[in-house]
Structures are given as C-alpha cells and as structure tokens.
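S.K.: For reference, the sequence and a predicted model appear below.
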Amino acid sequence: MTTIDHRLSPLKKSDLQFTYPPSTSGGDDPSKRGIPDSKLLNRSEWYEMLYFCNKFANENANATNRHAVALKAERLIKRQVPSNLHSHANIEDWLKRNWELYPNA
C-alpha cells in the first residue's frame, strides 16, 4: 500500500485561490513537523489549508478530478463552512453532507 503525502498533491501552494497572511508562529508548519499535528483547522494558515484540501481530495475523489475537488474544498471552507466548525472531522463531515448543495462553488 502506497502512502500519499498530502503536502505534495494535488495542489501546490501556488494553486491556492485565497490570500493567506504570512505565518508568525510556524509551530504547526508541516515543513517543520511533517504534517499538521493539530486536530483543529486554522483557516488562515496556507499550509494547514493546503494539507487539509489535498487530504480531502485524495480520500474523496478519483485521480482525474482530485485537483478540482481540492480547489472546491478550499472555496467551500473559506466561503460556506460555518465558522464555528474547527475540527478536521467536523469540517470534513460538513463538506461531504453539503457538497452537492454548491455545484458551482
């Protein structure tokens, strides 16, 4: 079984559609730790969003549409997912339950 590095694909940092402020803490930066160690998604940190969106796409899309799924996940997280949801599990659950409600997101 091959392990997928969610930091590497389908999106790269340059593919992200939103502007993320420079990180000041760096404590959860996967380039320093390997992967984000927190169970909570910080929506203002590019590396957490990149990892989360890639992981979501790698686990929920086929190889031909992973890039599009990751981009849509980023848009939905930034625009639609309720701000009171913070855990990876709750955000992933919201995306799965509401994905079809936003076909043009």
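M.R.: Arrived safely, thanks for sending. Numbering: from 1, shown residues only.
S.K.: What score does Lys96 have for pLDDT?
M.R.: As predicted, Lys96 sits at a pLDDT of 98.
S.K.: Ok, Ile4 next?
M.R.: If you check Ile4, the pLDDT there is 79.
S.K.: Start the count at 77 instead of 1 going forward.
M.R.: Sure, I'll start numbering at 77, so the last one becomes Ile80.
S.K.: how far away is the residue lying closest to it once chain neighbours are set aside from Ser159?
M.R.: Leaving out its chain neighbours, the residue that sits closest to Ile80 by C-beta to C-beta, 6 or more residues apart in numbering is Asn134, at 5.1 Å. The way it works is simple: take the backbone N, C-alpha and C, and place the C-beta from them, glycine included. Taken as C-beta to C-beta, to the nearest Å, the spacing of Asn134 relative to Ser159 amounts to 25 Å.
S.K.: Let me know the average pLDDT across the helix or strand containing the residue nearest to Ile80.
M.R.: Assigned by DSSP states H and E, Asn134 belongs to helix 122-136. The pLDDT scores in helix 122-136 average 95.
S.K.: So between Asn134 and Ser159, which is more surrounded?
M.R.: Asn134 (18 against 6; other C-beta atoms under 10 Å).
S.K.: so who does the more buried one touch?
M.R.: Applying C-beta atoms under 8 Å, 6 or more residues apart in numbering to Asn134 gives the contacts 80, 82, 85-86, 142.
S.K.: of these, buried ones?
M.R.: 82, 86, 142 (16 or more other C-beta atoms under 10 Å).
S.K.: Would you map the strands across this structure?
M.R.: Assigned by DSSP state E, the chain shows no strands.
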